[in-house]
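1. Here is my input; please provide its structure:
(4 chains)
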2 protein chains.
Amino acid sequence: MDKKEERLNQILSTTIEVLIKEGAENLSMRKIAKNANLSLSNLQYYYKDKDLLLIATVDFYFESCKKELTQAIKLLAADSTPDKKVFLEKVLSMLLIDGRSSHQTLMFQEIWTLASRNKELQNAVETYYKTYCLWMIDLVSAFCSKPEEIVSFLIPFVEGYTIVNNVIPLTKEKVIEMMVKLITILEK
Amino acid sequence: MDKKEERLNQILSTTIEVLIKEGAENLSMRKIAKNANLSLSNLQYYYKDKDLLLIATVDFYFESCKKELTQAIKLLAADSTPDKKVFLEKVLSMLLIDGRSSHQTLMFQEIWTLASRNKELQNAVETYYKTYCLWMIDLVSAFCSKPEEIVSFLIPFVEGYTIVNNVIPLTKEKVIEMMVKLITILEK
DNA sequence: ACCTGAACACCGTTCAAGT
DNA sequence: ACCTGAACACCGTTCAAGT
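-> Reported below is the predicted structural model:
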């Protein structure tokens, strides 16, 4: 890794840190510069304005998410018993996260909101989710028929669950039970 | 409506307008004051700081959402044919909104993000969604058994769909068809 | 190519003062 | 009770200048 690459890495990591800790609202070029040990003008040499810095940060973040996802999928695939029910339960309990306690969900929420005002970020988000969809289809198809239907139903549900899990009447365990039942039935 | 109430109404409506048009990121006390024809200091007389203004705005917005929801539910209930399938299709096509083209989803996204950094907003969001849940349970129970399960599965799905509808493989029509099938089966 | 520092218009908040 | 205006520290961006 050469010097420039290292600098960029340092800037983007710092931006993610500040973004998670303080939110997009309280993110400032000066704060990032300070935390990354750069002068404001020097930071602006690497990223001309705040928008470009945010786009680069989101791309950088999605790359790390993809790596994590690949890892998780590998674990799931390796450890797979032939039992479909057990497999589905594992996938679901991994995906159904309480959004308020997860760094990842916090970061995604910032990204969604930023993206709603920025075309380039919207594309980055769309591209990421499409990749995510394809991987899920691939993963699910090892155990289930009609993977496209299952994924079309699983992904929105999981995304929504991170937001509203604290208000729905059923517990997480009951939700997993229900989802396994539904997926099993969906294939018939 | 007395003068004070009118002033507050004018301030909160202006805040919502600016929030939807420009996002929380670009919302400023000065901008709101200007658009609502007040001096900055006068706005601060009514809302001491930005946080208090945002909390009041979110409460105000949720109130209008509740009114809209009551209206929509009334329409659904009045026009109800005895056919469960038709009823479910109507509910679903009303709820499954493309998030990118809807003012409401834009506003909710801003609120979610703001809430992730503010305890009071979190409570406001939670209270709103709990009311929403109870109304949905009430609505659904007219036609279906196991309304708690159906709502626990419907609400997260609908929330998630607004975010990821553009990346999942199935079309909206196919999604509705699938959901009706699943709900029907869930009751058995 | 990489980095600096001053200047500008804008921001939220505070405060002392008016009616 | 309602409203004003000045002051403060902070913000993003621009720009002319250094190595």
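
2. So for the helix ranked longest in chain A, what gets flagged as buried?
-> Ranked by residue count under DSSP state H, the longest helix found in chain A is helix A:50-78. For helix A:50-78, a neighbour-count test (16 or more other Cβ atoms under 10 Å in any protein chain shown) marks A:50, A:53-58, A:60-62, A:65, A:69, A:73 as buried. (C-beta placed from N, C-alpha, C; glycine too.)

3. packing partners for whichever helix or strand A:Ile11 is part of?
-> Using DSSP states H and E, A:Ile11 maps to helix A:3-22. In terms of contacts (3 or more Cβ pairs under 8 Å, 6 or more residues apart in numbering or on different chains; DSSP states H and E), helix A:3-22 is packed against helix A:29-35, helix A:40-46, helix A:50-78, helix A:103-115.

4. Mind giving me the packing neighbours of the third one?
-> Helices and strands touching helix A:50-78, as assessed by 3+ Cβ pairs under 8 Å, 6+ apart, comprise helix A:3-22, helix A:29-35, helix A:84-95, helix A:103-115, helix A:119-141.

5. Next, the angle helix B:103-115 makes with the following helix or strand past the longest one.
-> To tie it back to what came earlier, the one meant is helix A:119-141. The helix or strand immediately downstream of helix A:119-141 is helix A:147-164, counting by DSSP H and E. If you take axes from the mean of the first three to the mean of the last three Cα atoms, to 10 degrees, helix A:147-164 sits at 50 degrees to helix B:103-115.

6. Alpha carbons of helix A:147-164, in PDB - could you do that?
-> Only the C-alpha atoms of helix A:147-164 are listed here, as PDB (Å, rounded to 0.1, in the frame of the first residue of the first chain):
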ATOM      1  CA  PRO A 147     -35.500 -18.700  -4.600                       C
ATOM      2  CA  GLU A 148     -36.600 -15.500  -6.300                       C
ATOM      3  CA  GLU A 149     -39.900 -15.500  -4.500                       C
ATOM      4  CA  ILE A 150     -38.300 -16.300  -1.200                       C
ATOM      5  CA  VAL A 151     -35.800 -13.600  -1.500                       C
ATOM      6  CA  SER A 152     -38.400 -11.000  -2.600                       C
ATOM      7  CA  PHE A 153     -40.200 -11.700   0.600                       C
ATOM      8  CA  LEU A 154     -37.200 -12.200   2.900                       C
ATOM      9  CA  ILE A 155     -35.200  -9.100   2.100                       C
ATOM     10  CA  PRO A 156     -38.000  -6.500   2.500                       C
ATOM     11  CA  PHE A 157     -39.100  -8.200   5.700                       C
ATOM     12  CA  VAL A 158     -35.600  -8.300   7.200                       C
ATOM     13  CA  GLU A 159     -35.000  -4.600   6.300                       C
ATOM     14  CA  GLY A 160     -38.300  -3.600   7.800                       C
ATOM     15  CA  TYR A 161     -37.700  -5.700  10.900                       C
ATOM     16  CA  THR A 162     -34.600  -3.800  11.900                       C
ATOM     17  CA  ILE A 163     -36.800  -0.700  12.100                       C
ATOM     18  CA  VAL A 164     -40.000  -1.900  13.700                       C
END
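
7. can you tell me if that helix touches chain B.
-> Yes. On the criterion Cβ under 8 Å from any Cβ of the partner chain, helix A:147-164 is in touch with chain B at A:148-149, A:151-153, A:155-161, A:163-164.

8. In that helix, which residues are buried?
-> A:147, A:149-164.

9. ok, now how distant is the closest residue to A:Leu8 other than its chain neighbours from DNA strand C?
-> The spatially closest residue to A:Leu8, leaving aside those adjacent along the chain, is A:Tyr46, at 6.5 Å (Cβ to Cβ, 6 or more residues apart in numbering or on different chains). Plainly put, A:Tyr46 is 7 Å away from DNA strand C if you go by Cβ to the nearest atom of the strand, to the nearest Å.

10. now do A:Tyr128
-> A:Tyr128 is 28 Å from DNA strand C, by Cβ to the nearest atom of the strand.

11. That residue: neighbouring residues, count only.
-> 21 (other Cβ atoms under 10 Å in any protein chain shown).

12. got it, and the one 10 residues further on?
-> A count of neighbours around A:Asp138, defined by other Cβ under 10 Å, yields 13.

13. Contact partners for it?
-> Going by Cβ atoms under 8 Å, 6 or more residues apart in numbering or on different chains, A:Asp138 touches A:Pro147.

14. distance of it from A:Ile163?
-> 26 Å (Cβ to Cβ, to the nearest Å).

15. A:Phe143 too?
-> 27 Å.

16. Hmm, B:Pro169 and A:Glu148 touching each other?
-> Yes. The pair A:Glu148 / B:Pro169 is scored as a contact, 4.3 Å apart, by Cβ atoms under 8 Å.

17. and for the two, which residues touch both?
-> A:Ile137.

18. low-confidence ranges in chain A?
-> Along chain A, the parts satisfying pLDDT under 70 run over A:1, A:80-81.

19. Residues of it that sit close to DNA strand C?
-> A:3-4, A:7, A:38-42, A:44-46 (Cβ under 7 Å from any atom of the strand).

20. Which ones, among these, also lie beside DNA strand D?
-> A:40-41, A:44.

21. Show me how to select, in PyMOL, the buried members of those residues.
-> PyMOL command restricting these to the buried ones, with burial defined by 16+ other Cβ under 10 Å:
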select buried, chain A and resi 44
